[in-house]
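Enquirer: A structural model of the following input is requested.
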Amino acid sequence: QLQLVESGGGLVQPGGSLRVSCAASGFTLDDYTIGWFRQAPGKERERVSCISSSTGITYYADSVKGRFTISRDNARNTVNLQMNSLKPEDTAVYYCAARRGSCQIEVAKYDYWGQGTQVTVSS
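Expert: Modelled structure (predicted):
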């Protein structure tokens, strides 16, 4: 059974950094395109970043560009999202998701999802 598990969330002050990780069991993450999404209370789930399986091309939402970095750690079968210069508006539950093929922005295009990890940016 294919499973994704996020970790690394927590409470951080504005301007701080946090790294969230997505670990896979039952499959090799490098074979899949991985998207990081977030959902704040009362808002729709949105994609913040994605890394393509075939080309390694990365995508970032405008709101996180220059602050977040997505990367693969194939030795650990994980995909990480390094988040720097965090703002209160980054507060959300962060989810990783996997799909075959290219990066897509739509939630429905992803086949496998983790349970999410809470990131709270507050002083």
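
Enquirer: Residue 48 belongs to a strand?
Expert: Yes: the assignment for residue 48 is a strand, going by DSSP: H, G, I helix; E, B strand; the rest coil.

Enquirer: Run a quick neighbour tally on residue 111.
Expert: Residue 111 has 11 neighbours, counted by other C-beta atoms under 10 Å. No exception for glycine: its C-beta is placed from N, CA and C like everyone else's.

Enquirer: mind listing what the residue lying closest to it once chain neighbours are set aside touches?
Expert: Distances taken as C-beta to C-beta, 6 or more residues apart in numbering put residue 99 closest to residue 111, at 5.2 Å, once the chain neighbours are dropped. Contacts for residue 99 (C-beta atoms under 8 Å, 6 or more residues apart in numbering) come out as 32-33, 35, 109-112.

Enquirer: Could you pull up phi and psi at residue 99?
Expert: Main-chain torsions, residue 99, degrees, to the nearest 10: phi -150, psi 160.

Enquirer: where's residue 79, which helix or strand?
Expert: Under the criterion of DSSP states H and E, residue 79 resides in strand 78-83.

Enquirer: Could you please name the strands that strand pairs with and the direction of each pair?
Expert: Each strand that pairs with strand 78-83, with its direction, by DSSP bridges: strand 18-25 (antiparallel), strand 68-73 (antiparallel).

Enquirer: Which one of those lies nearest to residue 119?
Expert: strand 18-25 (6.2 Å; C-beta to C-beta).

Enquirer: The residue most central in space within the chain in helix, strand or coil?
Expert: The centroid of the chain falls nearest to residue 36 when counting by C-alpha atoms, centre = their mean (2.4 Å). Using three-state DSSP, the secondary structure recorded for residue 36 is strand.
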